[in-house]
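# Could you work out the structure for the sequence below:
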Amino acid sequence: MMNSAGHTLIASLTPLHSLVLKNHVRLFPNLFYGNLAKSRKSHRYNQKCRFHKECVMGATHYLPPWFSIAPMMEFTDNHYRTLARLITKHAWLYTEMIAAETIVYQKGNLDKYLAFNPDQHPIVLQIGGSDLTNIGKAIQLANPYGYDEINFNCGCPSPKVAGKGCFGVRLMLDPKFVADAMSVISANTDVPVTVKCRIGVDDHDSYNELCDFIYKVSSQSPTKHFIIHSRKALLNGISPKENRSIPPLKYEYFYALVRDFPDLQFTINGGINTVDEVHTARMEGAHGVMVGRAACKDPWNILGNIDSAIYGAPPSSLTRRQVLEKYQVYGDSVLGLYGPNPNIREVIRPLLNFFYSEPGNTQWKRKADAAFMDPKLTTIKSFLEETLGSIPDSVLDAPISEAAIGFPDVFADAKRLLPPPYVAEREEELLYA
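Predicted structure coming up:
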């Protein structure tokens, strides 16, 4: 049974616009939201900041996004992000991708999609879309929530997104539109803007084509930071899950971008599974590293070492029990916040891999499955009391152990396989093609 230690946690998602704005203005006293009117002085400052290399990699009052958790549908929701922030103080968090149309058409229900606990800073809103008007409106509606950065999705290969939706990774085939979208986003916000993309789409997978995309978008918009998933996307014949494994990783493309675009910032994504590999990627020249599935598969051991191994913080004495005590307070405060949702299953879901590879993990998952069906368990506290007996105290009370050794040579071939340097020939033709 989990002991109560009297820990406190902000007990709500700050669902009211006024509360979100109040908290955020305290951090950003010079930003003005509302109708997005900007003074000329403020506008000049923010334009200068966007292009200044030290400002490109995120809000200046937080440590840079040397490590971030990838936006993942049905994973990086408010509950997962709350758990992640309890474990790591410095990793940058991303929302799930939210379609611009969802924000516009849910104008009266925005808290459900955009509200978040202020403890989640630094946090990035990722949006997707193919209509410039709706993209601009969505950013205006999102501004009062105080996100630290806006990211535009040009990497999702899902048929619902890249197929029927005509956005996501399909937009890599239309860099002029992406540049226009990024200009619209930037014009409607005071925070940095970034693009997340792949290295190619279907047969459009040469290094020069990737460079043309980066060159056009960065030359025609304020975009100076790209998050690169180092695989191409195949739009026909394979699933989104297969798109994360079947197309081969080409880290050489990523490091060639770092070489060929020295005025831009690049974050590497794809196939990085350990803190050791995160460190190696940065030592090889990546400005930042984004990890996705590994941070969900084993959140305690991956995220628990980020602050010390990547950001230089002292080793943490945090225990799983302490995290669970705080998460329980959060979970019980949000149950049923929007009618029947979130429910217990949704709030507990981020915890299902919390004891990955530990003694008692399998039995705990079995107990959790049974507990989901028990109508008497109506709170997160009662759920954890019912199930945590499967986990030994030695696991619950152990501090974070040292990061596992990864494959430090995972990038060894990248420098050897670098493609020839990119030269933007016919600049006028490229810019307006």
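# Just want the most central residue of this protein.
Closest residue to the average C-alpha location of the chain: Tyr94 at 2.6 Å, with Cα atoms, centre = their mean.
# Skipping adjacent residues, who's closest to it in space?
In space, and not counting its chain neighbours, Tyr94 is closest to Pro71: 3.9 Å by Cβ to Cβ, 6 or more residues apart in numbering. Placement of C-beta: from N, CA and C, glycine included.
# Pro421 too?
If the residues on either side of it in the chain are set aside, Pro421 comes closest to Asp260, at 5.7 Å by Cβ to Cβ, 6+ apart.
# Would you mind confirming that the one you found is in contact with Tyr422?
Yes. Here Asp260 reaches Tyr422: they are 4.4 Å apart, a contact under Cβ atoms under 8 Å.
# shared neighbours of these two, which are they?
With contacts defined as Cβ atoms under 8 Å, 6 or more residues apart in numbering, the residues shared by Asp260 and Tyr422 are Cys211.
# Wait, the residue nearest to the centre of the chain touches Ile69, no?
Yes. Counting by Cβ under 8 Å, Tyr94 touches Ile69, with 6.2 Å between them.
# And the next helix or strand past the helix or strand in which Arg85 is found?
In the assignment (DSSP states H and E), Arg85 maps to helix 78-87. Once helix 78-87 ends, the next helix or strand along the chain (criterion: DSSP H and E) is strand 93-94.
# helices and strands around that next one, which ones?
Strand 93-94 sits against strand 67-69, helix 78-87, strand 123-128, with contacts defined as 3 or more Cβ pairs under 8 Å, 6 or more residues apart in numbering; DSSP states H and E.
# contacts for the first one?
Counting by Cβ under 8 Å, 6+ apart, strand 67-69 makes contact with 76, 84, 90-94, 124, 227, 267, 278, 288-292, 295, 303, 306, 310-311, all of which sit outside it.
# When you filter those down to buried only, what's left?
The neighbour-count test (16 or more other Cβ atoms under 10 Å) applied to these identifies 76, 84, 90-94, 124, 227, 267, 278, 288-292, 295, 303, 306, 310 as buried.
# which residues in the stretch 51-200 of the chain form helices?
Ranges of helices in the stretch 51-200 of the chain, per DSSP state H, counting those that start in this stretch, are 53-56, 78-87, 100-105, 110-114, 132-142, 175-187.
# for the closest residue to Tyr147 other than its chain neighbours, what are its contacts?
Closest residue in space to Tyr147, ignoring its immediate chain neighbours: Leu125 at 4.1 Å, by Cβ to Cβ, 6+ apart. Counting by Cβ under 8 Å, 6+ apart, Leu125 touches Thr95, Ile98, Leu114, Ala142, Tyr145, Tyr147, Glu149, Ile150, Asn151.
# switch the cut-off to 6 Å
By Cβ atoms under 6 Å, 6 or more residues apart in numbering, the contact set of Leu125 is Thr95, Ala142, Tyr147, Ile150.
# what's the answer for Ser130, then?
Ser130 makes contact with Cys166, Phe167 under the criterion Cβ under 6 Å, 6+ apart.
# distance of it from His229?
Distance from Ser130 to His229, counting by Cβ to Cβ, to the nearest Å: 20 Å.
# Look up how far Tyr356 lies from Thr362.
Distance, Thr362 to Tyr356, using Cβ to Cβ: 11 Å.
# Neighbour count: those two, which is higher?
Using other Cβ atoms under 10 Å, the more surrounded residue of Thr362 and Tyr356 is Tyr356, with 14 against 11.
# In space, what's closest to that one - neighbours in sequence excluded?
Excluding the flanking residues, the one nearest Tyr356 by Cβ to Cβ, 6+ apart is Asp298, at 4.3 Å.
# next one: Val258
Gly285 (5.0 Å).
# Around that neighbour, count how many other residues there are.
The burial count for Gly285: 15, using other Cβ under 10 Å.
# Quick check: which element contains it?
Here Gly285 is assigned to no helix or strand, by DSSP H and E.
# How about the residue nearest to the centre of the chain: which residues does it bridge to?
Beta-bridge pairing for Tyr94 (DSSP bridges): Val124.
# what's near enough to touch it?
Contacts here follow Cβ under 6 Å, 6+ apart; on that basis Tyr94 touches Pro71, Thr76, Val124, Gln126.
# pLDDT wise, what is it at?
Tyr94 is assigned a predicted lDDT (pLDDT) of 98.
# From Ile135, how far off is it?
Taking Cβ to Cβ, one finds Tyr94 at 18 Å from Ile135.
# what's the answer for Val423, then?
In this structure, Val423 and Ile135 are 32 Å apart, going by Cβ to Cβ.
# Stretch 410-423 - what's its average pLDDT?
Here stretch 410-423 scores 91 as its mean pLDDT.
# Mind listing what's buried along that stretch?
Of all the residues in stretch 410-423, those buried under the rule 16+ other Cβ under 10 Å are Val410, Phe411, Ala414, Leu418, Pro419, Tyr422.
# Then stretch 368-388?
Buried residues in stretch 368-388, counted by 16+ other Cβ under 10 Å: Ala368, Ala371, Leu377, Ile380, Lys381, Ser382, Phe383, Leu384, Glu386, Thr387, Leu388.
# now do stretch 126-139
For stretch 126-139, burial by neighbour count (16+ other Cβ under 10 Å) applies to Gln126, Ile127, Gly128, Gly129, Ser130, Asp131, Asn134, Ile135, Gly136, Lys137, Ala138, Ile139.
# Start and end of it, how far apart?
10 Å (Cα to Cα, to the nearest Å).
# hang on, the earlier thing: among the contacts of Tyr94, which pair sits farthest apart?
Maximum pairwise distance among the contacts of Tyr94 (Cβ to Cβ): 10.1 Å, between Thr76 and Val124.
# which among the buried residues of stretch 126-139 gets closest to Asn109?
For the buried residues of stretch 126-139, the residue nearest Asn109 by Cβ to Cβ is Ala138; the value is 13.8 Å.
# measure Asn373 to Ile344 for me?
Heads up, residue 373 is Met, not Asn. Separation of Met373 from Ile344 (Cβ to Cβ): 11 Å.
# all strands of the stretch 251-400 of the chain, in order?
265-269, 288-291 (DSSP state E, counting those that start in this stretch).
# Okay, now the sheet partners of the longest one, with direction.
Going back to what we said before, that points to strand 265-269. strand 225-229 (parallel), strand 288-291 (parallel).
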